[in-house]
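Q: Dropping a prediction and its sequence here:
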Amino acid sequence: MSLKKTLTIAGSDTSAGAGMQADLKTFQELNTYGMVALTAVVTMDPETWGHDVTPLPIDLLDKQIKTALSIGPDAIKTGMLGTEEIISRAAQAFKDSDAEIFVVDPVMVCKGEDEVLNPGNTDAMIKELLPLATVVTPNLFEAGQLSGLGKLTSIDQMKEAARIIHERGAQHVVIKGGKALEGQEAMDLYFDGKTYTLLITEKFQSSYNHGAGCTFAAATTANLANGQSPREAIINAKGFVASAIKYGWKMNDFVGPVQHGASNKVEKIEVATKEV
Ligand code: ADP
């Protein structure tokens, strides 16, 4: 059996719930051969869990991308890129590859930290990543930035943001309402350029959801690599991450990661859809 190959260009989360660790675990769960080109290493202060982001030298990223592309990834995903230079490298990596699938998770802040990694990154993502993206998976904050609409609090505002982000070149847009959007359900808005669809699951009370965003985008990438349509890939990824959140666990006083393999090993969660 030959496996499809999935490459993530992302940071390392040393606590291993998010970042490239989440991507690799998800790629493995969903039967793809996961590969990594690492952009930065995130470490945490054991006393406060304050994050420290150490970028890797750019020539080391270039060498990793060169190696990974020589292996021929079928799909490429981006995670934390951190600087405009790295955003350009990620865009170029996709252009230089034979991959037909590019999933952009437009990470702008480290979970638990409020500071935007670098404001110039937003413009670079709009100019360089959105026009190439098969799927882009912003959360509410990121969608507000990528659309220029600012704070989004309603489904109507999410629809408008999705329309703008699609117009900026992304073929499929998923805006994750997740836990930030008020209500009993965890709702994401999917726009394929024609139809707006809400993807809905129960909203789990778990605060052990570290890595949910990375896991969702990585699952979308693996599903697409395995031949699912964008709609199927996204809906199935939503079910996969809902299970991962439901069975998240407490790591220490600061953080609890999702359980990446819960959908395969514990419980599959159904996703409801509704056109809006
Ligand atoms: P992150 O903040 O880690 O980026 P997101 O908020 O982007 O996570 O959510 C990733 C996915 O997990 C989305 O599909 C979102 O709807 C879902 N999700 C987030 N929080 C919950 C929750 N409490 N219960 C169920 N699903 C959730």
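A: Arrived safely, thanks for sending.
Q: what number of residues lie near the residue in the stretch 151-276 of the chain that the ligand sits nearest to?
A: Closest to the ligand within the stretch 151-276 of the chain is residue 213: 2.1 Å, counting by Cβ to the nearest ligand atom. Just so you know, the C-beta spots here come from the backbone N, C-alpha and C atoms, and that holds for glycine as well. Applying other Cβ atoms under 10 Å, we find 24 other residues in the vicinity of residue 213.
Q: ok, now residue 169?
A: With other Cβ under 10 Å as criterion, residue 169 counts 15.
Q: Quick one: residues contacting the closest residue to it other than its chain neighbours.
A: Leaving aside its sequence neighbours, residue 169 sits nearest to residue 131 (Cβ to Cβ, 6 or more residues apart in numbering; 3.3 Å). Applying Cβ atoms under 8 Å, 6 or more residues apart in numbering, one finds that residue 131 lies in contact with 168-170.
Q: Residue 131 - that's part of a helix, no?
A: Yes: applying DSSP: H, G, I helix; E, B strand; the rest coil, one finds residue 131 inside a helix.
Q: how near is it to residue 95?
A: 11 Å (Cβ to Cβ, to the nearest Å).
Q: residue contacts, residue 257?
A: 15-18, 22, 208, 210-211, 248-249, 251.
Q: List buried residues within these.
A: 15-18, 22, 208, 210-211, 248 (16 or more other Cβ atoms under 10 Å).
Q: Pipe those residues into a markdown table and attach pLDDT per row.
A: Listed next are these as a markdown table, based on pLDDT from 0 to 100:
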| residue | pLDDT |
| --- | --- |
| 15 | 98 |
| 16 | 98 |
| 17 | 98 |
| 18 | 98 |
| 22 | 98 |
| 208 | 94 |
| 210 | 96 |
| 211 | 97 |
| 248 | 97 |
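Q: in stretch 232-242, what's buried?
A: 233-242.
Q: residue contacts, residue 208?
A: 245, 248-251, 255-258.
Q: Name the nearest of the residues you listed relative to residue 188.
A: residue 245 (12.8 Å; Cβ to Cβ).
Q: got the residues of the stretch 101-250 of the chain near the ligand?
A: Selection of the stretch 101-250 of the chain residues close to the ligand by Cβ under 6 Å from any ligand atom yields 111, 139, 176-179, 186, 188, 201, 203-204, 209, 212-213, 216, 238, 241-242, 245.
Q: Among the residues you listed, which ones are in helices?
A: 212-213, 216, 238, 241-242, 245 (DSSP state H).
Q: From the ligand, how far out is the closest residue to residue 210 other than its chain neighbours?
A: Leaving aside its chain neighbours, residue 210 sits nearest to residue 17 (4.1 Å; criterion: Cβ to Cβ, 6+ apart). As judged by Cβ to the nearest ligand atom, to the nearest Å, residue 17 and the ligand stand 9 Å apart.
Q: Around residue 246, how many other residues sit close by?
A: Residue 246 has 21 nearby residues by other Cβ under 10 Å.
Q: sorry, that was for residue 153
A: 13.
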